[in-house]
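I'd like to go over a predicted model; first the sequence, then the structure.
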Amino acid sequence: MRKLKTYFNEKFDELYELKEDGMNNIYDWKDTLRNVLNELGHIDDEEFVKTEERCLWSPSENPELDLPESKMKDDQQVIKMT
């Protein structure tokens, strides 16, 4: 059981890191685009706010957002102990 848990956690962490890297690239591209549009005078702040809201991670994509603060601390302690 422990091997399965370790394997799952390793794969999950690998995929999660890949997703975080992709999202960071999207944020960087968005900032670059915003700067270019601002220089050209064609920026619509409302549209960028909507875009930023769509780019936020939902609790289903980042389950830690759903955990109460005390639960997160408990989980972090368990991870450190294993």
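Nice, I can see it.

residue 21: how many residues sit nearby?
By the measure other CB atoms under 10 Å, the count of residues near residue 21 is 10. C-betas here are computed from N, CA, C, even on glycine.

could you say which helix or strand holds it?
helix 2-40 (DSSP states H and E).

helices or strands up against that helix?
helix 45-55 (3 or more CB pairs under 8 Å, 6 or more residues apart in numbering; DSSP states H and E).

pLDDT on the helix it packs on, on average?
Across helix 45-55, the average pLDDT comes to 70.

quick one: mean pLDDT for the helix holding residue 21?
88.

I'd say residue 34 and residue 43 touch.
Yes. Between residue 34 and residue 43 there is a contact under CB atoms under 8 Å: 6.7 Å.

what sits against residue 24?
Residue 24 makes no contacts at all, as judged by CB atoms under 8 Å, 6 or more residues apart in numbering.
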